[in-house]
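Undergrad: sequence and predicted structure, then a few things I'm wondering about:
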Amino acid sequence: LLGVFLLCVTFIQATEVPFQKAEIKSIMRKVADWQIANPHPAPEHDDLNWPQGALYVGMVDWAELAEKEDNDDTYYKWLSRIGQRNCWQPDKRFYHADDIAVSQSFLDLYRKYKDEAMIIPTLARTEWIVNHPSEGSFKLVEGDLKTLERWTWCDALFMAPPVYAKLYMLTGEKKYIKFMNREYKATYDYLFDKEENLFYRDHRYFDMKESNGAKVFWGRGNGWVLGGLVEMLRELPAKSKYRPFYQELFQKLCYRIANLQSSDGFWRASLLDPDAYPSPETSCSGFFVYALAYGLNEGLLPKEKFLPVVEKGWKALLSAVEEDGKLGYVQPIGADPKKVTRNMTEVYGPGVFALAGIRQNEKFMHLVKLLAYNVGSEVNYDNLARDTGLSRTTVADYLQLLEQCFIIKICPSFSRNLSNELKKGKKVYFCDNGVRNAIIGDFSPMVARPSQDGGALWENFFFMERVKLHSIRNDFTDMYFWRTTSKDR
């Protein structure tokens, strides 16, 4: 389950779930370290199998954050060692979607390091498949590999399509996106129930019913689909002619999934009969929080409806993490809903957790950069909330935290309740001009800066010197700025 957990963390960090950045990163590190220290001994968990592939997807994003913010390349090195000892090969079965899942992370590492050894085996595999597409049946039969050559089960929509989307973006070769689009839509036409707006796991579940008479729709199976859609949408350009279908499908699934969340924040193994399997299920819950958080961050989903769902789901996932970092309530490998206990875990779950959580960090940093670019200018919490996708309350909480940490100083507007005075505006100054410049990555001298930015830095300097002077004199008088609607200040 580490893969799901890490994916989830990536996006949670970019929404406005009210957890401090340091707390989220601590949880991510704890869960990632636990999984690395406790590899699964079963043969279906070797380096190149699909559970590991899902884990690596989350680990890549966590590795990027750890290196960027903590100068810690431990996780990149861990991923690279795995690729190197396997010569960057996909797994054994040539057409099987599961066996190319690891290529998602290998391609991400190629994107970072530009080492052709990381991409050549995946290119060789996919080149053959694209030029010799399977004509296998969609009626999946366990043990008949011919019926597993195409994407005949919904999990496959996470495993393979993102590989082809990444190859399209890396190489510019349209054959990859054309193949992905054709095969994906074939699976959609076969497995998607347009009445329920959910995916069957495979054709064997078309006529099955749960104990309450509802159709059988597997939580994690639909989680795989949503997770795969996120990975594809992260690759496809906004103007791509292929994007609208996948974006609309993503939104349709998100609305359906949000309405199936249980009161405790989790989703269950059986989406339409939660009472049949009452225990929480964190792999599907992690995927759903991950996808919904992505949709919020990208403006694809309205925050009024989906933010409470993400917040409740994130809190639920945290409750399933043990003190040592183990994530529980993970349904084992399977094809349909099963009983789950707190002691159960799997490597694919925590990876999704991390990817969702890292997005919370990105939203926070977006807010800080907005403040840095507008230093000395009037800011409005409602406008900051709109520009970042955060709620007004979360913006206020973050600014209070930054002020308590002596990163910024907030100067409110002065008001005696006169109708022509601005009451809501505040000015935000940085306690150190160097910190402000570091945030925007600009250390150029004053003479090389635009006059507006130079003026803002001087205003920031004089305001903070005034604050220091008051502190030295033990003068704790409140400071305000004053301006009327006629712009007098």
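TA: All right, it came through fine.
Undergrad: do you know how far residue 411 is from residue 198?
TA: 52 Å (C-beta to C-beta, to the nearest Å). All C-beta spots, glycine's among them, are computed from the backbone N, C-alpha and C.
Undergrad: so the two - more neighbours on which side?
TA: It is residue 198, of residue 411 and residue 198, that has more neighbours when counted by other C-beta atoms under 10 Å, with 25 against 19.
Undergrad: ok, and the closest non-adjacent residue to that one?
TA: Take residue 198 and drop its neighbours on the chain: the residue closest to it by C-beta to C-beta, 6 or more residues apart in numbering is residue 217, 4.4 Å away.
Undergrad: assign a three-state SS to the residue lying closest to residue 479 once chain neighbours are set aside, would you?
TA: Excluding its sequence neighbours, the residue lying closest to residue 479 (C-beta to C-beta, 6+ apart) is residue 411, at 5.9 Å. What DSSP: H, G, I helix; E, B strand; the rest coil gives for residue 411 is strand.
Undergrad: and for the one 4 residues further on?
TA: Three states are possible here, and by three-state DSSP the one that applies to residue 415 is coil.
Undergrad: count of residues packed around it?
TA: 13.
Undergrad: repeat for residue 228
TA: Count around residue 228 with other C-beta under 10 Å applied: 29.
Undergrad: give the contact list for it.
TA: Remark: with contacts taken as C-beta atoms under 8 Å, 6 or more residues apart in numbering, residue 228 is in contact with 157, 158, 159, 161, 162.
Undergrad: now, of these, which are buried?
TA: Those of these that meet the buried threshold are 157, 158, 159, 161, 162, by 16 or more other C-beta atoms under 10 Å.
Undergrad: need the phi and psi values for the fourth one.
TA: Read it as residue 161. For residue 161, the backbone dihedrals are phi -50, psi -40 (criterion: degrees, to the nearest 10).
Undergrad: OK, contacts around it?
TA: 151, 180, 183, 184, 228, 231, 232.
Undergrad: now do the same for it: its pLDDT.
TA: At residue 161, the predicted lDDT confidence score is 98.
Undergrad: now residue 348
TA: 45.
Undergrad: same question for residue 49.
TA: Residue-level confidence at residue 49 comes out at 89, pLDDT.
Undergrad: distance to residue 289 and secondary structure for the buried ones among the contacts of residue 228 - can I get that in TSV?
TA: Below are these laid out as TSV (distance: C-beta to C-beta, whole Å; DSSP: H, G, I helix; E, B strand; the rest coil):
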residue	distance to residue 289	secondary structure
157	19	helix
158	15	helix
159	20	helix
161	21	helix
162	19	helix
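Undergrad: closest one of those to residue 53?
TA: Ranked by distance to residue 53 (C-beta to C-beta), these are led by residue 159 at 6.8 Å.
Undergrad: in the buried ones among the contacts of residue 228, find the pair that's most separated.
TA: Among those, 157 and 162 lie farthest apart (C-beta to C-beta), at 9.2 Å.
Undergrad: count the residues that sit near residue 266.
TA: 25.
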